[in-house]
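J.: Could you look at this predicted model? Sequence included:
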Amino acid sequence: NGMMLSVPRCARYAIGRLSLGCRARFPTAEIERCSVRACCTAPTSARDASDFSDKIKAGPSLSDFMSSNPSAPAEQLLKLEDVEEVPYLSPDDLAGNQRKVYFETYGCQMNVNDTEIAWAILQKAGYLRTAVLDEADVVLLMTCSIRDKAERKIWARLTALRANFSKIRGKLNLVKVGLMGCMAERLKKEVLEKERLVDIVVGPDAYRDLPRLLAVAGSGDKAVNVQLSLEETYADVAPVRLNPNKVGAFVSVMRGCDNMCSYCIVPFTRGRERSRDMESIIDEVRYLSDQGVQEIVLLGQNVNSYRDVSDVSFDKYGVKLDATHNSAGFKTIYHNKEGGLRFADLLDKVVQVNRDIRFGFTAPHPKDFPDELLDVVNENDNCFKYIHIPAQSGSTRVLELMRRGHTREAYLDLIKHIRHKIPKVRLSSDYIVGFCGEKHEDFLETLSMVEEVGYEFGFLFAYSMRKKTHAYHKMEDDVPQQEKMERLHLLNKVFDTKSLALKSTYLGDEELVLIEGDSARSSDMWVGRDSGFQMTVFPKVSVPCALTGAESVELKRGDYVKVKMTGLRAKTMVADCIERTSLPHFWQHKHQAKDREHIIA
């Protein structure tokens, strides 16, 4: 970065394009031909302008930054590997040298996956991971910035960490504390300068830079990289699972958001939409399958907006030239995007990798539910029959203020269409109460829509204004906080009542459940989710095995079991376990039984 102060403006762009923040090996004489003063000082007279023009012409041209032999073999051309990435740090400085890293993750599933990406990068650099805070040499917090409450939690945690290390002689100055993720990008200045609680700040697209940032912090300086990228997807980084004993895993397929909803900070903390190439995703799914993972959730800020336009996929799968099409009645602030493989193509490929693995996805946008995607979900038994469909409000007027791109009626039509295409599908949603300008009548429309749709569960929040958003610049946060909390309490009550009524209709049903582990309430009970994503608990007992014919087998984490729903406890179903089975075996018999009923009818 120091070099950028001595390089003329006309050369900076080309150098930056080669490797941001890196020092490229260009002939010094070529750069010095154009002085900084000549490039950076505006001419004040006609004669000065002539001199200025002559000096610019004498400076380096585009050809100075290109190979003199365009037909030269690729290995002879300038590559990123040829660039001296960190000239002021030695390989020993960048090495972890078995220093111990302690992670804490807050927020969404995407943050969990990002933590695993960060850990993969640090592990390769020679760091070790510890689950004991007092053993740590480095503490990294993966943060969320979606709401004010999430940020306040992080501020409190940083203060507590500082107090904790202050109690240990010499530990405060030795332990390096880093902030990663969305809050790091949004509040970089406050975190580093105002509060002075952290040593490094790392944005969502800068995890590859962690070894360098930690090396800089190790020398006593503060280090920050929150540069957003139009290309970074970490497609070539194999995440290292933080808990390899879990039966499920997350796979990030796209990053960023282009929707620019007026309340949302995500486009400003996560950047523009970009998708991984399909082959890298399939390879990761295969790897997780070989590791014994039984459940995979595909992730993205707008996961069903996935659009692969990579050369790799073009060569292997061909190209789709048609434009994207929104769900009926939905629109965007941008033009439809042309070309590329879509999310339906991706999901159709990954479910075929291993039919014993169950697949889900989150978080989708309601505008991106073409029939092709709904058909893939419905026709594949190893897809969850569950869809999360964020609504945010039930009032068309508020939806317009939010820039959601649809009306209340369009959303309800989409719900009806999804239920027609995927019978017995279960739904969840996001809702915000107290948004700018929301009147009591608007809130009543939200309540009525919740009752009309009927969700299994929801993520409900009182609105908190975020800097940088459209609402922050153009609207007034005019709903009193007390009114927001009263509306949130009432919405939660309506949600729970409707959800309880829905769950009561499942009593007596036989469902397939994947055992995730012990119930939090009792070590004598198993807990897992059924194919509709419903949390279910049942006793730890020996049961017959439908696969081997054994009369009695002991169950374990990762087993698929057939259960019968017998009761309801709060938001959790209670069941009796019938037998151990497999995902294909269960659905094969389920379809055969349905066919017999159809013949009899």
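T.: Thanks, I have the structure now. Numbering: from 1, shown residues only.
J.: Confidence-wise, which helix or strand of the protein is lowest on average?
T.: helix 28-32 (a mean of 34; mean pLDDT, DSSP states H and E).
J.: show me the contacts for the residue positioned nearest the centre of the chain.
T.: Of all residues in the chain, the one closest to the mean position by Cα atoms, centre = their mean is Met110, 2.9 Å from it. Taking Cβ atoms under 8 Å, 6 or more residues apart in numbering, we find Met110 in contact with Phe250, Ser252, Leu299, Gly300, Gln301. Using the backbone N, CA and C atoms, a C-beta is placed for each residue, glycine as well.
J.: ok, those vs Leu122, which is closest?
T.: Among these, Ser252 lies closest to Leu122 (Cβ to Cβ), at 17.6 Å.
J.: List the beta-bridge partners for the closest one.
T.: Leu299 (DSSP bridges).
J.: got the contact list for it?
T.: Going by Cβ under 8 Å, 6+ apart, Ser252 touches Met110, Asn113, Asp114, Ile117, Thr233, Tyr234, Pro239, Arg276, Leu299, Gly300.
J.: distance of the third one from Ala363?
T.: If I follow you right, that is Asp114. Distance, Asp114 to Ala363, using Cβ to Cβ, to the nearest Å: 15 Å.
J.: again, but for the fourth one
T.: According to Cβ to Cβ, Ile117 and Ala363 sit 18 Å apart.
J.: in stretch 114-122, what's buried?
T.: Residues of stretch 114-122 classed as buried: Asp114, Thr115, Glu116, Ile117, Ala118, Trp119, Ala120, Ile121, Leu122 (neighbour count, 16 or more other Cβ atoms under 10 Å).
J.: was I right about the third one contacting Leu242?
T.: Okay, so that is Glu116. Yes. With contact defined as Cβ atoms under 8 Å, Glu116 reaches Leu242; the gap is 5.9 Å.
J.: Identify each buried residue in the longest helix out of those in the chain, please.
T.: Taking DSSP state H as the criterion, the chain has its longest helix at helix 481-504. By 16+ other Cβ under 10 Å, the buried positions in helix 481-504 come out as Glu483, Lys484, Arg487, Leu488, Leu491, Val494, Phe495, Lys498, Ser499, Leu502, Lys503.
J.: where exactly do the helices run in the stretch 51-200 of the chain?
T.: 91-94, 109-124, 148-166, 171-174, 182-186, 188-189 (DSSP state H, counting those that start in this stretch).
J.: Any idea which of those gets closest to Thr269?
T.: It's helix 182-186; of those, that one is closest to Thr269 (Cβ to Cβ) at 3.9 Å.
J.: From Arg196, how far off is Lys467?
T.: Distance of Lys467 to Arg196, given as Cβ to Cβ: 21 Å.
J.: go on, Gln481?
T.: For Gln481, the distance to Arg196 - Cβ to Cβ - is 30 Å.
J.: Show me where the stretch 251-400 of the chain has its helices.
T.: Under DSSP H, counting those that start in this stretch, the stretch 251-400 of the chain gives helices at 266-270, 278-290, 311-317, 343-350, 371-379, 396-402.
J.: Between those helices, which one is closest to Ser522.
T.: The nearest among those, by Cβ to Cβ, is helix 278-290 at 29.9 Å.
J.: From the rest of the structure, what touches that closest one?
T.: The contact list for helix 278-290 (Cβ under 8 Å, 6+ apart) reads 235-236, 238-239, 249, 251, 253, 296, 298, 308, 310, 312-313, 316-317, 341, 345-346, 349-350, 353-354, 357.
J.: if we go to 7 Å?
T.: 235, 238, 249, 251, 253, 296, 308, 312-313, 316-317, 341, 346, 349-350, 353-354, 357 (Cβ atoms under 7 Å, 6 or more residues apart in numbering).
J.: Likewise for stretch 585-601?
T.: Asp381, Leu512, Ala546, Leu547, Tyr560, Lys562.
J.: okay, now the first one: neighbour count?
T.: Put plainly, it is Asp381. 18 (other Cβ atoms under 10 Å).
J.: What sits closest to it if chain neighbours are left out?
T.: In this structure, Asp381 finds its nearest non-sequential neighbour in Trp587, 3.9 Å apart by Cβ to Cβ, 6 or more residues apart in numbering.
J.: How many neighbouring residues does that neighbour have?
T.: The number of residues packed near Trp587 is 17, by other Cβ under 10 Å.
J.: Assumed it was part of a helix.
T.: Yes. Under DSSP: H, G, I helix; E, B strand; the rest coil, Trp587 falls within a helix.
J.: pLDDT wise, what is it at?
T.: Looking at Trp587, its pLDDT stands at 95.
J.: where's it relative to Val450, distance?
T.: 31 Å.
J.: All the helices of the stretch 451-600 of the chain, residue numbers only.
T.: Using DSSP H, counting those that start in this stretch, helices in the stretch 451-600 of the chain cover 470-474, 481-504, 583-600.
J.: Need those helices in TSV (columns: distance to Val139).
T.: Formatted as TSV, the helices of the stretch 451-600 of the chain follow (distance: least, Cβ to Cβ, whole Å):
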stretch	distance to Val139
helix 470-474	31
helix 481-504	33
helix 583-600	40
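J.: To Lys385, which of these lies closest?
T.: Proximity to Lys385, assessed across the helices of the stretch 451-600 of the chain by Cβ to Cβ, is greatest for helix 583-600 (10.8 Å).
J.: And for Ser542, the neighbour number?
T.: 13.
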